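Participant: Fold the stuff below for me.
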Amino acid sequence: MLSDIETGTHSLLLNLTCPECGTIHNAAVINTVCVNEACKSTLFAKYDLSGGLDKAILSTRPATMWRYKELLPVIDERNIVTLGEGFTPIIPIENLKQFIGDNAVFWKDESGNPTGSFKARGLSAAVSKAKELGIDTIATPTAGNAGGALAAYAARADIKAIVYMPIQTPQVFKDECRLYCAELIEIDGNISDCGRLVNEQALLNNWFQVSTLKEPYRLEGKKTMGYEIAEQFNWQLPDVILYPTGGGTGLIGMWKAFDEMEQLGWIGSKRPRMVAVQSESCNGIVSAFNSGQQISEFTDGGFTIANGLRVPKPYADKQILKVLRDSNGAALTINDAEMNAAVKEIARNEGMLIAPEGAALWQAFKKLKSSKWIQSGETVLMINTGSGYKYLENLLID
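Facilitator: Take a look at the predicted model:
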């Protein structure tokens, strides 16, 4: 709760900087993407890290993502909108050790976040900053979880939320938005169709969009996974991190967090090899990575049980691909049958009912282990992004 957040220290936010062209934007006013018409990149929040920050202060703070508040963009702590998100557990594989050999393999389980997914992190940060900037209406396209998270945090902040969602999305996600009193608009199409309509209506109605990576602050909430991973692994990062990649915010955010922590002296220069895992239905990042392209092609093969992975053209595809290449990482696809089988295998053997997006990582791990891309003795972390309970409508259960 806000009352639990220590007062007396403040955000180190300096400005918003374009990672593509370097244009600096004033963080005290409303921003979306870079104003440079030739660029229009996602903006990165930049902090004054020159004075350092003693990580020992973390031990005195509540176990939420706001323990890293100096490195988050909200200036006045009274504007923080929190439901207790973050500091999710690291859980080791216990009963499927026949697949892991001498590797240490862990889940970071985001399913315990408010509204059941890691989207709570990004929307807590974005809605908090929207409140600070005096925004009264927020709109977003969503494949499911982001819509529910926006609806919840907007309700908490007393801000109007408008959510555009594909009609094929499981009913639980729609019910969730309506229970939080968001205005839900169902679209006969994919998330890109929803995004196009949100953009049109936002311009007409002066709504603020929190579309993935088309504003600067969801990224800041998602990056806290990187801070937590370092803290939970005693400031020694895993060798490999597998991440289910739709819009890719968490992948880019964790990489940003690692850079900030090195500047602060909290970690060294060693980085994990980052792995993007996509649905066979929407595999534009995998295709671009494997063919050496700098941007991805629009790719939509239709329905997938992992609706969070049905993102035909991530807005920050250049940034995603850069992280994969800078980390000497990898990218691979998993089909729906494999994801469905992995959900059941993990539930029956590990007692975790994870989202299909997370289940895709387990299949990806096994493939990378079999091919020896994951090497003997390496520590591997998989990010389970949400709760499988929300996806029961999509799963084949026998």
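Participant: which residues in the stretch 151-300 of the chain form strands?
Facilitator: 160-166, 183-187, 208-209, 240-244, 273-279 (DSSP state E, counting those that start in this stretch).
Participant: need the least confident one among the ones you listed, by mean pLDDT.
Facilitator: Ranked on mean pLDDT, the bottom entry among the strands of the stretch 151-300 of the chain is strand 208-209, at a mean of 92.
Participant: Which residues are in contact with E220?
Facilitator: A45, L72, P73, G122, A125, G253 (Cβ atoms under 8 Å, 6 or more residues apart in numbering). C-betas here are computed from N, CA, C, even on glycine.
Participant: actually K160, not the one I wrote
Facilitator: D136, T137, I138, A154, E183.
Participant: same deal with G250?
Facilitator: F118, K222, M225, Y243, I383, T385.
Participant: want to throw these into a markdown table with neighbour count?
Facilitator: Output for the contacts of G250, formatted as a markdown table (neighbours: other Cβ atoms under 10 Å):
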| residue | neighbour count |
| --- | --- |
| F118 | 34 |
| K222 | 29 |
| M225 | 26 |
| Y243 | 27 |
| I383 | 23 |
| T385 | 30 |
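Participant: Among those residues, pick out the one closest to T212, please.
Facilitator: K222 (9.7 Å; Cβ to Cβ).
Participant: Among the contacts of G250, which ones are in helices?
Facilitator: K222, M225 (DSSP state H).
Participant: out of the contacts of G250, who's nearest Q236?
Facilitator: Out of the contacts of G250, the member with the shortest distance to Q236 (by Cβ to Cβ) is M225, at 16.2 Å.
Participant: Report the contact partners of the closest one.
Facilitator: M225 neighbours (Cβ under 8 Å, 6+ apart): K108, E110, F118, R121, G250, G253, M254, A257, I383.
Participant: just to revisit the earlier point, would you mind putting the contacts of G250 into TSV with distance to F233 alongside?
Facilitator: Output for those, formatted as TSV (distance: Cβ to Cβ, whole Å):
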residue	distance to F233
F118	18
K222	18
M225	12
Y243	16
I383	14
T385	19
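Participant: Going by distance to P62, which of the contacts of G250 wins?
Facilitator: M225 (17.0 Å).
Participant: What residues sit buried inside the helix or strand containing A347?
Facilitator: In this assignment (DSSP states H and E), A347 forms part of helix 336-350. Residues of helix 336-350 classed as buried: D336, E338, M339, N340, A342, V343, K344, E345, I346, A347, E350 (neighbour count, 16 or more other Cβ atoms under 10 Å).
Participant: want to throw the residues you listed into CSV with distance to F99 and pLDDT?
Facilitator: Below are the buried residues of helix 336-350 laid out as CSV (distance: Cβ to Cβ, whole Å; pLDDT from 0 to 100):
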residue, distance to F99, pLDDT
D336, 21, 97
E338, 14, 98
M339, 16, 97
N340, 18, 97
A342, 11, 98
V343, 16, 98
K344, 15, 97
E345, 9, 98
I346, 11, 98
A347, 15, 97
E350, 11, 98
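Participant: which residue is nearest the middle of this protein?
Facilitator: G250 (3.3 Å; Cα atoms, centre = their mean).
Participant: how near is that one to L242?
Facilitator: In this view, G250 and L242 are 11 Å apart by Cβ to Cβ, to the nearest Å.
Participant: Repeat that for I138.
Facilitator: Distance from I138 to L242, by Cβ to Cβ: 31 Å.
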